[in-house]
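**Q** okay, here's the prediction I keep looking at, along with the sequence it came from:
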Amino acid sequence: MTPFVLNLVGSNLHLALTGEITIEHVRALADELKAVLSPELTLEVDAAELTRLDAAGLQVLLACAQLAADTVLTASSAAWTDAFNRYSSPDPYRIA
């Protein structure tokens, strides 16, 4: 089972993260985001069901934040906050 789902609605690309986003999932996540994400789109992330985010997953999400027109965090989790704190990275996703 893939721990993420992408849905394009108008100019918003919604990314729902569930379970663990680790190095074993990063290639698939990056490939799917690369195929759809563009500078005209807003990336909306729902991390409410995220239980773990490692450095590889965090790198993909940070790269996407630079590409998207805007980035929005629609729901957070302890795993989301922990990943940004653990790697001392500012969170570029504004809270909706």
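**A** On my side now, so go ahead.

**Q** I'd say L37 and E44 touch.
**A** No. L37 is beyond contact range of E44, at 11.4 Å (criterion: C-beta atoms under 8 Å). (C-beta placed from N, C-alpha, C; glycine too.)

**Q** and for these two, which residues touch both?
**A** Residues touching both L37 and E44 by C-beta atoms under 8 Å, 6 or more residues apart in numbering: L13.

**Q** ok, now how distant is the spatially most central residue of the chain from L33?
**A** Nearest to the geometric centre of the chain sits L61, at 4.5 Å (C-alpha atoms, centre = their mean). From L61 across to L33, the span is 9 Å (C-beta to C-beta, to the nearest Å).

**Q** with S88 instead?
**A** As judged by C-beta to C-beta, S88 and L33 stand 24 Å apart.

**Q** pretty sure T22 contacts A55?
**A** No. Using C-beta under 8 Å as the test, T22 is too far from A55 to be in contact (9.3 Å).

**Q** and the nearest residue to E32 once chain neighbours are set aside, which of the three is it?
**A** In space, and not counting its chain neighbours, E32 is closest to L6: 5.6 Å by C-beta to C-beta, 6 or more residues apart in numbering. Counting by DSSP: H, G, I helix; E, B strand; the rest coil, the backbone at L6 sits in strand.

**Q** next, count neighbours for L6.
**A** 16 (other C-beta atoms under 10 Å).

**Q** from here on, call the first residue 30.
**A** In the new count, where the first residue is 30, that last one comes out as L35.

**Q** and the helix or strand encompassing T100, what does it pack against?
**A** Using DSSP states H and E, T100 maps to strand 99-104. Judged by 3 or more C-beta pairs under 8 Å, 6 or more residues apart in numbering; DSSP states H and E, the packing partners of strand 99-104 are strand 71-82, strand 123-124.

**Q** if you set the cut-off to 6 Å instead, what comes out?
**A** Where contact means 3 or more C-beta pairs under 6 Å, 6 or more residues apart in numbering; DSSP states H and E, strand 99-104 is packed against strand 71-82.
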